[in-house]
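Student: Starting from these lines, generate the structure:
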Amino acid sequence: MKNSLTAFILFITTIISLFNPSTQSKVSLSITPSVLAKSGDPIRIQWSGIAEPSKLDWLGIYSPPDSAHENFIGYVFLNSSATWQSGSGSISLPLINLRSNYSFRVFRWVESEVNPKKHDHDNNPLPGTAHLLAKSVEVGFGSGRVPEQIHLGFTENADEMRVMFLTGDREERRVRYGLREGKLDHVAVARVERYEREHMCEEPANSSVGWRDPGWIHDGVMKNLKKGVRYYYQVGSDAGGWSSTRSFVSRNEDSDETIAFLFGDMGTATPYSTFLRTQEESIATMKWILRDIEALGDKPAFISHIGDISYARGYSWLWDHFFNQIEPVASKVAYHVCVGNHEYNWPSQPWRPEWSVGSYGKDGGGECGVPYSLKFKMPGNSLEPTGTRAPATRNLYYSFDMGAVHFVYMSTETNFLQGSNQYNFLKHDLESVNRNNTPFVVVQGHRPMYTTSNENRDAPLREKMLEHLEPLFVKNKVTLALWGHVHRYERFCPVNNFTCGSMGLEGEDWEAFPVHIVIGMAGQDWQPIWEPRPDHPNDPIFPQAKRSLYRGGEFGYTRLVATKEKLQLSYVGNHDGEVHDMVEILASGQVLSGSGDSSVDGAGARGEAPQSKFSLLVKGVSVLLLGAFIGYVLGFISRSQKEATPKNSWTPVKTDDI
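Tutor: Numbers count the residues shown, from 1 in each chain. Predicted coordinates for the structure are as follows:
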């Protein structure tokens, strides 16, 4: 009893000391510089005078600077500094422009105050804010009106290119472009749009902890472009400032060559901890794709990101991190998307049939598709009403031609059953393809029709896709069906109704069935388990069916290269930037044997894939290009406390978030 009383008195004394002004006054907190030139520039945070430093002392990151203590956007424990035990230390962090100043606060967090009910996405307790030790001055951006988050996209017309970007005000911005860097003699006025807090459906998207000013979204279209030519462009205004000059290669209708980089479920990385787990592997995905794009020279290409885009889930600053991270790539090539469950889902969404209750939940964090709908503008005008004050959900289903391939995007989050607007679009679109011009048809959506990660919640959804969509795909001889949602790579045989069709490699009869491939391995690291692991006996294990020809456990992306004679899809691993699986399909629909057939490995591919000419070209220039990109990565992320180097192997530990 006496020991308990002594411990209690000591605890009370400690608490009182934390509130003692003389104690707080000894802690200093300084930030340099106080004004940053551009988004992504680093600051140095220094502190000193912390008496009896604790491993739970932490730094809170706030924007706006007057946010309530509990409404931090991120946090870093002071013990990430090598000298923290002395009561002094420093941390360097890159800051993203959130159109508001930042401030920083140091807190003491007592172990007895850990609240297991207030936790982050990984069920780790969120740090407490009861004991403020120090607060910094404000930090801002000197060029806050200069456009940022620049990304390109195709329009319905092959001789156009859309460019979207963000500013902190609605003043008129323009796009100036031309064939020479020093002569941007064409001008397009950008339309402007934004969304408001009341457009969000639920918290955290509409709450103080999640909502932040989203800025103004500008959308300009460069028109009458010559075919297959490099154009230079800037966005901005004389009053607000201009971006640096960027460039892209326009589409070429006269060429039958098609190059695309495709993946799902990438997300973004942050240099601090926040309410949600972020996706560090997304850095490597962007690094290798940038390498490939630079190696192309003056050949057009584009990106395809099929759902689960930023994983913001209602914490709006993660959208800012995402667009800042993809800008080095998305300002060079068109960046195309389709909607995933983490952009759209919320309990009151308009289409939620009885059989889908387990599939459609609160994955969107109350965003109800609004940031996704306004931050991107895809070809076509597909939209569905939200049933709330939010604007209609856009960018749901559309298509375009690129060289020898007709690309189709669909939404697995809105009605796709026979008779729906989306089904009617898909049916008409697939039946209208001119196979002489585009012999290959690639359909993309977020949740897979085929997967051997047979997650129970999506089973009814897959059944409906097989019932309503597979006959449409088979009848119209879809070449590839690409899906995300499952955070792995998996390639199937040419399949119809769970049955592999013959590939005709030995002269036998064959039929052109679609090849389904899951490509959700670009960043999110919650994974299904494909191999037994003794240390996780309760995790589900999904055996590999015969129709599954290859399964890979490495993060990465896919690279599509096609002519009118042949389409090749390669799976590139992030740990080495090399091809680990490949499949080739002829214009006739005949599927050639892919590399890595019948391989399964929980940590990566077995065997070596043959290298294409494209891969050899990439190797020849990779050293120079990686050197240039490393400078960007170091400036943005590597100064943080997180490790940005791709891992040679990893072990999945989560199974409940796809």
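Student: which stretches of the chain have low pLDDT?
Tutor: Within the chain, the stretches with pLDDT under 70 are 1-25, 144, 528-540, 595-658.
Student: Could you pull up the residues touching the most centrally placed residue in the chain?
Tutor: The residue lying closest to the centre of the chain (Cα atoms, centre = their mean) is Gly267, at 3.0 Å. When contacts are counted by Cβ atoms under 8 Å, 6 or more residues apart in numbering, Gly267 touches Thr278, Gln279, Ser282, Asp308, Ile309, Ser310, Tyr311, Phe322, Ala522, Gly523, Gln524. All C-beta atoms are positioned from the backbone trio N, CA, C, and that covers glycine.
Student: let's go with 7 Å and repeat that
Tutor: Contact analysis of Gly267 by Cβ atoms under 7 Å, 6 or more residues apart in numbering lists Thr278, Gln279, Ser282, Ser310, Tyr311, Gly523, Gln524.
Student: Val189 too?
Tutor: Val189 is in contact with Glu172, Arg174, Gly220, counting by Cβ under 7 Å, 6+ apart.
Student: pretty sure the first one contacts Ser237?
Tutor: This means Glu172. Yes - Glu172 lies in contact with Ser237 (Cβ atoms under 7 Å); the separation is 6.4 Å.
Student: If you count surrounding residues, which of the two has more?
Tutor: Using other Cβ atoms under 10 Å, the more surrounded residue of Glu172 and Ser237 is Ser237, with 16 against 12.
Student: Check the gap between that one and Arg197 for me.
Tutor: 27 Å (Cβ to Cβ, to the nearest Å).
Student: Give me the number of neighbouring residues for Leu276.
Tutor: When neighbours are counted by other Cβ under 10 Å, Leu276 registers 19.
Student: Now Arg108: closest residue in space, sequence neighbours ignored.
Tutor: Ranked by Cβ to Cβ, 6 or more residues apart in numbering and with sequence neighbours excluded, the top spatial neighbour of Arg108 is His131, at 4.1 Å.
Student: Tally up the residues packed near the one you found, please.
Tutor: His131 has 19 nearby residues by other Cβ under 10 Å.
Student: Leu374 should be in a helix, yeah?
Tutor: Yes - counting by DSSP: H, G, I helix; E, B strand; the rest coil, Leu374 falls inside a helix.
Student: how close does it get to Asn456?
Tutor: 34 Å.
Student: Among those two, which residue is more densely surrounded?
Tutor: Neighbour totals were compared for Leu374 and Asn456, and Leu374 leads with 19 against 9 (other Cβ under 10 Å).
Student: Contacts only, for that one.
Tutor: By Cβ under 7 Å, 6+ apart, the neighbours of Leu374 are Glu193, Tyr195, Ile217.
Student: Ok, Glu70 next?
Tutor: Counting by Cβ under 7 Å, 6+ apart, Glu70 makes contact with Thr129, Val209.
Student: Wait, a helix at the residue nearest to the centre of the chain?
Tutor: No - read with three-state DSSP, Gly267 is coil and lies in no helix.
Student: Can you tell me the closest non-neighbouring residue to it?
Tutor: Using Cβ to Cβ, 6+ apart and skipping the chain neighbours, the partner closest in space to Gly267 is Gln279 (3.3 Å).
Student: Checking that neighbour next. Helix, strand or coil?
Tutor: Gln279 ends up coil, using three-state DSSP.
Student: Kindly report the same for the one 3 residues further on.
Tutor: Classification of Ser282 into helix, strand or coil gives helix, according to three-state DSSP.
Student: Would you enumerate the residues in contact with the nearest residue to it once chain neighbours are set aside?
Tutor: Sequence neighbours aside, Gly523 is the residue nearest to Ser282 in space, at 3.6 Å (criterion: Cβ to Cβ, 6+ apart). By Cβ under 7 Å, 6+ apart, the contact list for Gly523 reads Asp265, Met266, Gly267, Gln279, Glu281, Ser282, Thr285, Phe555.
Student: cool, and Ile303?
Tutor: Per Cβ under 7 Å, 6+ apart, neighbours of Ile303: Phe261, Val329, Ala330, Val333, Ala334, Tyr335, His336.
Student: any idea whether the nearest residue to it once chain neighbours are set aside is helix, strand or coil?
Tutor: Excluding its sequence neighbours, the residue lying closest to Ile303 (Cβ to Cβ, 6+ apart) is Tyr335, at 4.6 Å. Counting by three-state DSSP, the backbone at Tyr335 sits in strand.
Student: how close does Tyr335 get to Arg162?
Tutor: 10 Å.
Student: Then Leu290?
Tutor: Counting by Cβ to Cβ - Leu290 and Arg162 are separated by 21 Å.
Student: Which parts of the stretch 501-650 of the chain are helices?
Tutor: Along the stretch 501-650 of the chain, the segments classed as helices by DSSP state H, counting those that start in this stretch run 613-633.
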